[in-house]
Every structure is written in structure tokens, then in C-alpha cells.
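Novice: For reference, the sequence and a predicted model appear below.
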Amino acid sequence: MGDLAIRVENLSKRYRIGQRERYLALRDVLARAISAPFRVFSSNSKPDGRNPRSDYIWALKDVSFEVKQGEIVGIIGRNGAGKTTLLKILARITRPTSGYAEVRGRVGSLLEVGTGFHPELTGRENIYLSGAVLGMTKREIDRKFDEIVDFAGVAEFIDTPLKYYSAGMQMRLAFAVAAHLEPEILLVDEVLAVGDLEFQKKCLGKMEDVSRGGRTVLFVSHQMNQIRRLCERVIWLDAGQIVREGPTHEVVSAYEAAMTSGEWLRRERPDTPRVKARFLRWEIVEPRNDQPNVLTELGPVTIRFFVQVYEPIRLGHHGIALFSSEGQMMWGTATNDLNVTEGLHEFTYKLTTLPLRPGAYFWRVSLYDEQGLVDVWDCVPELIVATQPMGHPRDEWAGLLNIPYRFTVNGVRSRV
Amino acid sequence: MEVRTFPETSLQTTGQRAAPVLITPPRGWLDLNLRELWEYRELLYFFVWRDIKVRYKQTIIGAGWAIIQPFFTMVVFSLFFGLLAKIPSEGLPYPIFYYSALLPWMYFANALNGATNTMIEHQRVITKVYFPRLILPLAAVLAGLVDFGIAFVILIGMMLFYGVVPTGAVLLLPFFLLLAVATALGAGLWLSALNAIYRDVRYAAPFFVQFWMFASPVAYPSSLIPERWRWLYGLNPMAGVIEGFRWALTGQGSPPNVLLLVSVAAVLVVLLGGIVYFRRMESTIADVV
């Protein structure tokens, strides 16, 4: 038997519903504020005494698994499946309700980019501060300082307060610090979903190096391409339980198939509060081709989301957003005062065109009712845009859009 | 957080690798684990350093604020409580009488206020990374000492100006300062943990501190309190601290014997209780903050 780095036995974590909502990551809260600006101020946001569903939810329930030293294990699953909770318990940020985990080795957690950054401090000072917060000693930071600055490419601004950095520069600096963390066990949550593509590649490369260095990595992501690239083994979580665990290609294919077919549902548990509605799957209706998540034409596009409604939604609110694989929002819109009866529904969007540069994207769809969030789903599989690039033949990645155009040159006789 | 070393485990030890950390549900009251705190001393240093660096960024007079606050309060107190209300000052010039009390008091009030808000201000870090949370209020309390140091220089100048010569008692000053730190930390631990759960604390704390000031001999000498109630007055640890400060600096008045003993006892109770309560809360703070 190889050396174990992590052993998890019957790990469970219970939250009060209200508690759990506040537990959402900042980006969820922001996404909610963006997609439902008025709902944020309504009943759901502030404790107003009457909590209609003051119930408990098991974010994790009897989860057991082992991770060997030097393994890179991916954790996948829908939003709210318990992935982040699992990482938070292993990182000792929160404690389990029952069960236990044994962790051997120095643990570094990367649950957010820029943990510990302070806008008033300079880049140099922030490297030390963030490094210390993430668990590096001062000596370690001293030793890696130049490498970090170099990796981030911010040498000229190193003594400038962070608040004058562009968002991209802050992100790069934050990543650079994180990438130079050298724990024996690294817990990573989604953070690679940000930053520009070039830098993202650099980070993925760095992470591969880290694993080759014999370090153990637990990696949460919604992006199957990253999971495929980095992980040897994958754990698929849903409703706080392990659905399947095994070699990456097997589990990811099963996961994507389940998401696409829609036949699979979160298994209802007696202690799970009743869900009012749930997004099941999505597909491209027009233009048709054999892969319902691949867009091959620049013309009109019809997209369909299936929603199973268990309890009628009155005066609901539905939001949709399209994100690039870097996490940049490409487009979003929302519908208010939506009334949906019980049963299976399809939400259909007809777009005149979706002129995005080729690549991977994902939809985020949400549904709210008067009480608040009903369901939010980062759609799986991803939307793959595989249209003919219209740009310069040698530079297909220039810009975000892939706009059909014609270019002409005409001589003009009179003065304009 | 419980960190236990396992004598026997399914995890194979290769010799130089660290013992496994066991992550379990919270249990037990007396699991202070102060050794872990020691292991994180470097992070404590960085938090203190950051608090000091950030405090007066983008202010025009910067650290001048550390002087302005106690100095002008002293002026106002000398004018109204002293010259107008004629409150006895144990033979000291009013400016010395008030400034020597305002110095520890303002340190205490600011440190307590800073510590109270740490859990909320560092919410993002707390929910993203593990370290002993106790470091945060501790850093807030320690960072306040810099302001104290700056304001203290003014006191030395004032004492020269008024010709107040300290006696040998001045050697006890560090002890009284330590007592003030312990009081701020003790109360700060309670308030910061409570603040994480009940945001009301945030609004109640300034009131609380204000009342506390009038229950401390800042604006008046403790000799105004009848002798037989003096010990009860000492239950307010800041009473002992402030009286002690005045006495150690100026040699005026008598050493606050009974009062001080009671104060020390009270500090120990508040501080130990605060540590235990905070340590107990620590494991769930990330879920509620």
C-alpha cells in the first residue's frame, strides 16, 4: 500500500439552511446580486425573523475516500454538491459534524485568489502578507520573492500600492504567490477559472510541476478540460455524497453523460428539504448537430434549458449568464415576474447569433421565487464554440468576438 | 481545532514526515492548544505589521493622530473637569493628571474596539484559510501599542515641562501596561467572538466602552470612591491599571493596593474566560461569520 496523504472516514457536515446561504462564496453572492438586483433586498437576504425553511441540510453525508501521496484528485459535481465544504473541512477552516479526516503533511489551501491581500499595501508587502497567510514562512518568501515577482510580471510596480494595480495585475500577483506555495498537500477550489488564458496556462503548467514534485493535490473545478488535463482520478460528488469515484476519463464521461441526458437527478434524501424546481439539462436546438453542446455555425442559435418544477413558481425571476472559461461574463439577462406551473418545462432562448471566438464557455442559469433562490446551475457540459474563426488566420484568438464581416477597398474620387 | 498526534494509524510514517492531523467534530472545553499559537507566531507578526502599516495610510498627519486624540481630550478634560468642575487631582497639575490616565485608557479603548471587529473585518481570510483565529484579536491589541508609544513621548515632554519627577515606582509601569494589554485582549476575545455571531455587538461596543470609561478613574481619582467600596471598584480592571499608571508615573497618591489586587484577579478571570470561550467558538466561526 502506498503512502496515504488523506484519509476521510464517514465525513458529514450539517448546516442550518440560513447558515448555508451565507456560506456561499463571494462570487455566488455577486452573481446573485447581478442577476437579481432587487431580490437581494427582499425577504431572502436579511434575517427578518420568519425563516420559512429553518431546516438543516447535510452538505456532506458519510463521505469516505483515500488519497495517496503524490496523487492529483479532481472533485466534480453540481453547485451545492459539497465540494467546497469538503475542501474547507480538509483545510481545517470548518469542522465536520461527524466522522473524521486524517491529513498527513503541511496543507495549503487555495480557495480564493488573493487571500490576505490589502489594497493599501504595496505589491512587495502584499507578497509577504499573502504568503504568510497562505502558510509560508518569512524565509521561504524571501527565497522565492524574485521568482514570484517574475512569474507575475509586475516587477515595475512592485512598490506601488495594490489598489493602483489593474484587476488583471492583482490576479496575476495573487496567483504567483499561490503558485509558489509548497505544501505537501494542496487544496484548490476553482481558482484557475480566472485570469487570462495565457496566464491560466502558465498556472496549469505550474500545478503540473507541483504534482510531479510528489505533492498531493485535491482540485475542484467545473471545467472538465482542466480536470482532464490535471487529474488522474476523480471523485464525483452530489448532494453531499460520492456518486462515483475512479479514473478521470470514466467518471468525467459518466458525469457529462448524466448531465446531458437529464435522466439522472439528484437522489432525493429524506433529510433534504424539498426542492421547488431544478434545472435538468441544456442543449443547442438549432443548429442541430450530433453533439448538443457544440456550436458550429454563426447563424441563429436556439438554446433550451429543461426545468423540472415541483411546486408552482409565482412571480419568479430567472437569470442566465454566459461565462468564458476564464470566468469572464460574456452576456447575461434576466426575466422577472415569471409564473411556472408544476411539471417539466423548457426555457428557450433564440439568439440571432452568438459570435464568440472559438473556445469553451459555460452557462449559469438561476431561478428565484419570492422566498429567494430556488436553483442555480453552472451548466454541464460546457458550451463549445467551434465556429470558423473570422479573424486573422494566424491569430484566431484576437479579441473576444468572432464577428462575420466583409472588408472592401474602394477608390473615392471626390473629397470627402 | 483539535490536532492530535497518533501513535498508531493506518498512515505509514516514513520517518521525517509530520504526524497526521486528525480533523474531528468539535468537542471538549479545555482544549486551548497554546502551542499551536506559538507555531503561528510569524503570522501574528505579519498581522501586527500590517495593522501598523495600514493604520495611517492616506492620512495627512499620519501618526500625528496618535497624539492628537489623547492630547486634545486632555485639554478638554483639564478645562471642564478640572478648572470648571474642580475635581480633585491628588495634587497633580490637571494636564498630567488627565493625560497619564488617558494614555492607558485610549490604548485600551482603541485596542478593544479593534479586537472586537477583527472577526468581521477578516471574514474573507477566515473563511478561506486556516490559522488559529486568536491571532487576529491578539494582533489588533498588540498593534495598538505603537500609538501608545508615540503618545507616551508627549507625556515625557509634559512631565519635564511641569517638573513632575517620577519615583522608583516608575519601574512598575511595564507591569501596568501589561495589565492593560491583558484587559483589552480578554474583553476583546469575548466581544470579537460574540460579534461574529451577533452583529449587534458592533453597535453596542462603543456604548459599552463609553460607560466603561466613566466607571474608570479617567476623569476623576479613585479616591472619590468610599474606602469600603474600593475593592468592588477594582473589579473593573481598568481602575487598577489607570490608578497604577498615575501612581507609577508621578509617585503621587498611594499605591493602589487592594484595588490592584482585585483588578489583577479580575483580569485573569476575564482573560482566561475569553481564551476558553474564543477557542470554543473558533471551530465554528467560519460557518457563522
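Specialist: Structure received.
Novice: Tell me how many other residues surround residue B:273.
Specialist: Neighbour count of residue B:273, defined by other Cβ atoms under 10 Å in any protein chain shown: 13. Where you see a C-beta, it was placed from the backbone N, CA and C, and this is true even at glycine.
Novice: And it, what's its pLDDT?
Specialist: If you check residue B:273, the pLDDT there is 93.
Novice: Counting by contacts, list what the strand or helix carrying it packs against.
Specialist: Element membership for residue B:273, per DSSP states H and E: helix B:257-288. Applying 3 or more Cβ pairs under 8 Å, 6 or more residues apart in numbering or on different chains; DSSP states H and E, we find helix B:257-288 packed against helix A:17-22, helix B:173-197, helix B:230-233, helix B:237-250.
Novice: So which of those has the densest surroundings on average?
Specialist: helix B:237-250 (a mean of 26; mean count of other Cβ atoms under 10 Å in any protein chain shown).
Novice: residues near residue A:344, how many?
Specialist: 10.
Novice: do residue A:383 as well
Specialist: 22.
Novice: Would you state the helices of the chain in chain order?
Specialist: Here I'm looking at chain A. Assigned by DSSP state H, the helices in chain A fall at A:17-22, A:26-35, A:83-90, A:123-133, A:138-152, A:167-179, A:197-212, A:224-230, A:248-261.
Novice: not quite, I wanted chain B
Specialist: Ranges of helices within chain B are B:34-39, B:41-55, B:64-77, B:94-121, B:123-126, B:135-162, B:173-197, B:200-214, B:230-233, B:237-250, B:257-288, based on DSSP H.
Novice: what's the burial count for residue 142?
Specialist: The chain I'm using is chain A. 12.
Novice: Let me rephrase: I mean chain B.
Specialist: 19.
Novice: my guess is it contacts residue B:48, does it?
Specialist: Yes: with contact defined as Cβ atoms under 8 Å, residue B:142 reaches residue B:48; the gap is 5.0 Å.
Novice: ok, back up a step: make JSON lines from the helices and strands packed on helix B:257-288 and add distance to residue B:213 to it.
Specialist: Compiled in JSON lines, the helices and strands packed on helix B:257-288 are given as follows (distance: least, Cβ to Cβ, whole Å):
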{"stretch": "helix A:17-22", "distance to residue B:213": "35"}
{"stretch": "helix B:173-197", "distance to residue B:213": "13"}
{"stretch": "helix B:230-233", "distance to residue B:213": "14"}
{"stretch": "helix B:237-250", "distance to residue B:213": "8"}
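Novice: Output those helices in JSON lines, with mean pLDDT and distance to residue A:160 appended to each entry.
Specialist: Below are the helices and strands packed on helix B:257-288 laid out as JSON lines (pLDDT from 0 to 100; distance: least, Cβ to Cβ, whole Å):
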{"stretch": "helix A:17-22", "mean pLDDT": "47", "distance to residue A:160": "35"}
{"stretch": "helix B:173-197", "mean pLDDT": "93", "distance to residue A:160": "33"}
{"stretch": "helix B:230-233", "mean pLDDT": "83", "distance to residue A:160": "53"}
{"stretch": "helix B:237-250", "mean pLDDT": "90", "distance to residue A:160": "42"}
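Novice: looking at those, which is closest to residue B:271?
Specialist: helix B:173-197 (3.6 Å; Cβ to Cβ).
Novice: Just confirm yes or no for that closest one near chain A.
Specialist: No: counting by Cβ under 8 Å from any Cβ of the partner chain, chain A has no neighbours in helix B:173-197; the shortest distance is 10.8 Å.
Novice: Tell me which other helices or strands that helix touches.
Specialist: Using 3+ Cβ pairs under 8 Å, 6+ apart: helix B:173-197 touches helix B:94-121, helix B:135-162, helix B:200-214, helix B:237-250, helix B:257-288.
Novice: Just name the most buried of these.
Specialist: Mean neighbour counts for the helices and strands packed on helix B:173-197 (mean count of other Cβ under 10 Å) peak at helix B:237-250, with a mean of 26.
Novice: Low-confidence stretches in chain A?
Specialist: For chain A, applying pLDDT under 70 flags the ranges A:1-2, A:17-55, A:191-201, A:211, A:260-274, A:390-398, A:415-416.
Novice: Could you chop it up by domain?
Specialist: Following automatic domain parsing, one finds the domains of chain A at A:4-106+A:183-256, A:276-385.
Novice: quick one, which of those is nearest to residue B:282?
Specialist: With Cβ to Cβ as the measure, domain A:4-106+A:183-256 is the member of those nearest residue B:282 (9.4 Å).
Novice: quick check, that closest one touching chain B?
Specialist: Yes: against chain B, domain A:4-106+A:183-256 shows contacts by Cβ under 8 Å from any Cβ at A:4, A:7, A:15, A:19, A:22-23, A:26, A:88-106, A:184.
Novice: Give me the buried subset of those residues.
Specialist: The neighbour count (16 or more other Cβ atoms under 10 Å in any protein chain shown) marks A:4, A:7, A:15, A:23, A:88-97, A:99-106, A:184 as buried among the residues of domain A:4-106+A:183-256 next to chain B.
Novice: count of neighbours near the residue of the stretch 251-400 of chain A found nearest chain B?
Specialist: Closest contact between the stretch 251-400 of chain A and chain B, by Cβ to the nearest Cβ, is at residue A:327 (17.1 Å). The number of residues packed around residue A:327, counting by other Cβ under 10 Å, is 17.
Novice: Look up how far residue A:113 lies from it.
Specialist: Applying Cβ to Cβ, to the nearest Å, the value for residue A:327 to residue A:113 is 10 Å.
Novice: And for residue B:175?
Specialist: 46 Å.
Novice: Ok, residue A:328 next?
Specialist: With Cβ to Cβ as the criterion, residue A:328 and residue A:113 are 14 Å apart.
Novice: Comparing the two, which shows the higher neighbour count?
Specialist: Neighbour count, other Cβ under 10 Å: between residue A:328 and residue A:113, residue A:113 has more, with 22 against 14.
Novice: How about the more buried one, nearest residue that isn't a chain neighbour?
Specialist: Nearest residue to residue A:113, sequence neighbours excluded (Cβ to Cβ, 6 or more residues apart in numbering or on different chains): residue A:174, at 4.4 Å.
Novice: Ok, residue B:43 next?
Specialist: Spatially, and ignoring its direct neighbours in sequence, residue B:43 is nearest to residue A:132 (5.2 Å; Cβ to Cβ, 6+ apart).
Novice: I'd say residue B:182 and residue B:271 touch.
Specialist: Yes: using Cβ under 8 Å, residue B:182 is in contact with residue B:271, at 5.2 Å.
Novice: if we can go back for a sec, buried deepest among the helices of chain A, which one?
Specialist: Using mean count of other Cβ under 10 Å, helix A:83-90 ranks as the most buried of the helices of chain A, with a mean of 25.
Novice: which stretch among the helices and strands packed on helix B:257-288 comes nearest residue A:305?
Specialist: Comparing the helices and strands packed on helix B:257-288 by Cβ to Cβ, helix A:17-22 comes nearest, at 23.1 Å.
Novice: how about the residues of the stretch 101-250 of chain B near chain A?
Specialist: B:124, B:125, B:126, B:127, B:128, B:129, B:130, B:131.
Novice: Understood, closing this out.
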